[in-house]
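Novice: need a 3D model of the sequence below.
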Amino acid sequence: MTPSQLRLHKHFLRGIISPGDLEPEEPPLDSFVMYFEGSSNVTLLFDFWSVHEPGGMVLSVFVVLLLTVIYELLKVWKNTLSQQSTHPSASSIPAAFSTSPPCFSPGLEHPENSPTLTNSPSEISLAPTENTATTAVITPTGNSWLLHSLLTGLHIGQVVLGYMLMLCVMSYNVWIFLGVIVGSLLGYFFAFPLLGHVN
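Specialist: Presented below is the predicted three-dimensional model:
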């Protein structure tokens, strides 16, 4: 309730105003609509982004389209960086962390005339592996913190842009909605091939 409605309500409860004195208020002309409309009059996100003519609507749809393309590019960039950080290239993995099991290396095979049992688990587990001196302890480096900070910044940018675009769609303007849809389509269309070139 507005302060004036609250004051009228208190007077009504005290008996100062009769029920006939209270008239229902008319909704304001610029009330919020809950259905899509194709008007060129819309206010997007802020009071200063108020559109009242078709030229302004075209410019606003273009800006929203660009924001959506940037959103899609941020999303693909963030996914690419996070995939690269979790799956480093095979050349950067030390031999001690290689994915091939050391028990199947050719140096551990038994000679045919060996009296011991072939592929005995106890013998294989005690056998020395190649490159045992290069075993390293993985510690966070400056690059991993930099990458994590970059991923955090990209995530925040993606969240902010996503909510801004959601609020633009909630203006219930057909043209703005189509700008978001086409921007998402173009952003994904252009960002997906970039994902292949980065890897």
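Novice: pLDDT on stretch 174-194, on average?
Specialist: Computed over stretch 174-194, the mean pLDDT rounds to 92.
Novice: enumerate the positions of that stretch that are buried.
Specialist: Neighbour-count burial for stretch 174-194, counted by 16 or more other Cβ atoms under 10 Å, picks out Trp175, Ile176, Phe177, Gly179, Val180, Gly183, Ser184, Gly187, Ala191. Every residue, glycine included, has its C-beta placed from N, CA and C.
Novice: ditto for stretch 149-169
Specialist: Using 16+ other Cβ under 10 Å as the test for burial, stretch 149-169 gives Leu151, Leu154, Gly157, Gln158, Leu161, Leu165, Cys168.
Novice: adding distance to Gly38 and secondary structure, write these out as TSV.
Specialist: Written out in TSV, the entries for those read as follows (distance: Cβ to Cβ, whole Å; DSSP: H, G, I helix; E, B strand; the rest coil):
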residue	distance to Gly38	secondary structure
Leu151	40	helix
Leu154	35	helix
Gly157	31	helix
Gln158	30	helix
Leu161	25	helix
Leu165	19	helix
Cys168	15	helix
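Novice: quick check, nearest of these to Pro54?
Specialist: Cys168 (17.8 Å; Cβ to Cβ).
Novice: measure the closest one to Ile181 for me?
Specialist: Note on Cys168: its distance to Ile181, by Cβ to Cβ, to the nearest Å, is 12 Å.
Novice: for Phe189, same thing?
Specialist: Using Cβ to Cβ, we find Phe189 at a distance of 13 Å from Ile181.
Novice: now Ala191, what's its secondary structure?
Specialist: Three-state call for Ala191 (DSSP: H, G, I helix; E, B strand; the rest coil): helix.
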